[in-house]
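Asker: No letters, just coordinates:
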């Protein structure tokens, strides 16, 4: 649509006639051609398509007249078949999210129950069910809300040079032998 024509439109008209995304643009272009009877070159030009790409769009539409232009943004794509394991655990994942558990907490609980499910799979299930992402929470907030304790890294052993000094001063006979994981530190 030309800029001068766009400027004359009201905000309400622009919501329908100036597409905001590719699917809306395809719908309006096909509607102009098939319903309003606009010639293909004019429909293509109005919605920013080349003549060739608009012909391809029309041909694809004719092959699949049942194409859905108005689907929920969170709906799975047509022909999407969830894995049987995912179907079996879907209700459990939903129940856990209703307890305000994060995808990481849900994954950990499922793992403990012997039903491991990936974090991305859990996120997809929650998205398909219309759950929004949880806001980022600190460890204290999660612990205070009765959530699972967060995973913490294991604390590594530390090298203490004072212990090395004690070994050297404890006996006067040389050589001294001892085993350490941090021998390179003392060299």
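Answerer: It's in. Worth saying up front: this structure is predicted, and the values here are computed from it rather than measured.

Asker: need the contact list for residue 49.
Answerer: By C-beta atoms under 8 Å, 6 or more residues apart in numbering, the contact set of residue 49 is 29, 43, 57. In this view, the C-beta of every residue, glycine as well, is placed from N, C-alpha and C.

Asker: So what's the residue count around residue 135?
Answerer: Using other C-beta atoms under 10 Å, residue 135 is surrounded by 6 other residues.

Asker: circling back: go through the contacts of residue 49 and say which is closest to residue 96.
Answerer: Nearest to residue 96 among these, counting by C-beta to C-beta, is residue 57 at 42.9 Å.

Asker: residues touching that closest one, list them.
Answerer: Counting by C-beta under 8 Å, 6+ apart, residue 57 touches 26, 29, 30, 49.

Asker: elements contacting the helix or strand harbouring residue 94?
Answerer: Assignment of secondary structure by DSSP states H and E places residue 94 within helix 84-98. Here helix 84-98 touches helix 103-112, helix 119-128, going by 3 or more C-beta pairs under 8 Å, 6 or more residues apart in numbering; DSSP states H and E.

Asker: All the helices of the chain, residue numbers only.
Answerer: For the chain, helices defined by DSSP state H occupy the ranges 3-8, 11-17, 22-34, 40-46, 51-63, 84-98, 103-112, 119-128, 139-144, 161-170, 183-186.

Asker: Return the set of buried residues in the second one.
Answerer: Applying a neighbour-count criterion of 16 or more other C-beta atoms under 10 Å, the buried positions in helix 11-17 are residue 17.

Asker: same check, this time on the third one
Answerer: With burial defined by 16+ other C-beta under 10 Å, the residues of helix 22-34 counted as buried are 24, 25, 26, 27, 28, 29, 30, 32, 33.

Asker: what inclination does that helix have with respect to helix 51-63?
Answerer: For helix 22-34 against helix 51-63, the angle by axes from the mean of the first three to the mean of the last three C-alpha atoms, to 10 degrees is 90 degrees.

Asker: which secondary structure elements does helix 22-34 contact?
Answerer: Packed next to helix 22-34, using 3+ C-beta pairs under 8 Å, 6+ apart, are helix 40-46, helix 51-63.

Asker: okay, these, which one's buried deepest?
Answerer: Among these, ranked by average contacts under mean count of other C-beta atoms under 10 Å, first place goes to helix 40-46 (a mean of 18).

Asker: for it, what is the average pLDDT?
Answerer: Average pLDDT, helix 40-46: 91.

Asker: ok, and what's touching it?
Answerer: Contacts of helix 40-46 (C-beta under 8 Å, 6+ apart): 1, 29, 32, 33, 38, 49, 50, 51, 53, 54, 55, 58.
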